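1. Let me see the structure of the following:
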Amino acid sequence: MAMARMALTLMAGALVLLALVLPAQAGSYLGTDWIGGNAHATYYGGVDASGTQGGACGYGNLYSTGYGTNTAALSSALFNSGLTCGACYELQCDSTGSKYCLPGNPSITITATNYCPQNSLGGWCDAPRQHFDLAHPMFVSLAQEGGGVIPVNYRRVPCVKKGGMRFQLNGNPWFVLVLVTNVGGAGDVQQLYIKGDKTGWYPMKRNWGQMWQLTGNSNMPGQALSFRAVLSDGTNVESMDVAPANWRFSQLFEGSQA
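-> Got it, this is the predicted structure:
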């Protein structure tokens with residue numbers, strides 16, 4: 001009987017520990033507390049958001065890469081030198097600090113696609129400020145346009161994307177450059193690996209934003225390519241043989257999803 005009670009106690013303890021550990025490992029970001037106090041938002045790129053295209057993450061045309069206008073440029077405190085590219089945030093206007101918040105205090109979800117440099121916007125993007133420079137359609141979904149710069153509360157949330165991760169191949173036979181887009185889950189790739197069907201896995205080096213490079217391996221052309229993406233929550237996503245052996249530079253391929 002004593003042994004049975006001990007076994008049940010150990011099992012209960014293990015279940016509690018599992019419940020505490022799993023959310024962080026799963027990267028769901030469920031239960032993430034709202035952060036505020038030093039966070040603000042405004043908008044840029046014009047009413048039609050045309051000025052938000054391109055940007056420091058390398059995503060180019062945000063419509064063709066699937067991000068649309070649900071985007072933001074982040075201050076340096078959040079941008080993390082580009083490693084936060086692809087992460088998703090939920091924002092709410094802080095009605096305790098602004099009269100311009102929309103009734104009902106709605107929230108929006110955006111993907112980090114650009115960098116708001118320091119010494120711009122009157123210092124709103126300077127460290128240690130947490131600032132979101134939104135596309136105009138997103139800003140007016142939170143507050144009246146006349147609000148200018150508004151206080152916000154924010155939190156990390158899972159990225160929900162249609163289809164798989166996308167890998168655009170650029171470069172030349174001696175320099176392979178891969179742009180990773182449409183990443184679900186944590187959203188922000190921290191490390192990318194590439195594998196040919198005749199090689200092992202090679203770690204790629206981040207060039208800028210979500211552009212990853214492999215240099216000195218001229219044997220990749222002519223091989224089917226696989227990718228392994230490591231996200232900020234530790235999730236590993238393998239996309240095996242997504243590019244056939246006859247792939248060409250500038251082509252886009254879709255793989256697995258987080």
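2. Which parts of this protein belong to which domain?
-> As assigned by automatic domain parsing, the chain contains the domains 39-157, 166-252.
3. Would you mind finding the most buried of those domains?
-> Mean neighbour count (mean count of other C-beta atoms under 10 Å) peaks for domain 39-157 among those, with a mean of 19. For the C-beta atoms, the positions are set from N, CA and C on the backbone; glycine is no exception.
4. Name the nearest residue to residue 239, sequence neighbours excluded.
-> Leaving aside its sequence neighbours, residue 239 sits nearest to residue 255 (C-beta to C-beta, 6 or more residues apart in numbering; 2.6 Å).
5. show me the contacts for that neighbour.
-> 164, 165, 166, 167, 227, 237, 239, 242 (C-beta atoms under 8 Å, 6 or more residues apart in numbering).
6. for residue 214, same thing?
-> By C-beta under 8 Å, 6+ apart, the contact set of residue 214 is 175, 176, 178, 194, 202, 204, 205, 220.
7. same thing but at 6 Å, please
-> By C-beta atoms under 6 Å, 6 or more residues apart in numbering, the residues touching residue 214 are 176, 194, 202, 204.
8. cool, residue 131 as well?
-> Residue 131 neighbours (C-beta under 6 Å, 6+ apart): 40, 75, 124, 125.
9. now residue 213
-> Counting by C-beta under 6 Å, 6+ apart, residue 213 has contacts 177, 205, 207.
10. The same query, at a cut-off of 7 Å, please.
-> With contact set as C-beta atoms under 7 Å, 6 or more residues apart in numbering, residue 213 has these partners: 175, 176, 177, 204, 205, 207.
11. mind checking the SS state of the last one?
-> Spelled out, it's residue 207. strand (DSSP: H, G, I helix; E, B strand; the rest coil).
12. Quickly find the element holding the closest residue to it other than its chain neighbours.
-> Nearest residue to residue 207, sequence neighbours excluded (C-beta to C-beta, 6+ apart): residue 213, at 4.6 Å. Per DSSP states H and E, residue 213 falls inside strand 211-215.
13. Partner strands of that strand and their direction?
-> Strand 211-215 has its sheet partners listed here by DSSP bridges as strand 175-181 (antiparallel), strand 205-208 (antiparallel).
14. Give me the average confidence score over it.
-> Regarding strand 211-215, the rounded mean pLDDT is 95.
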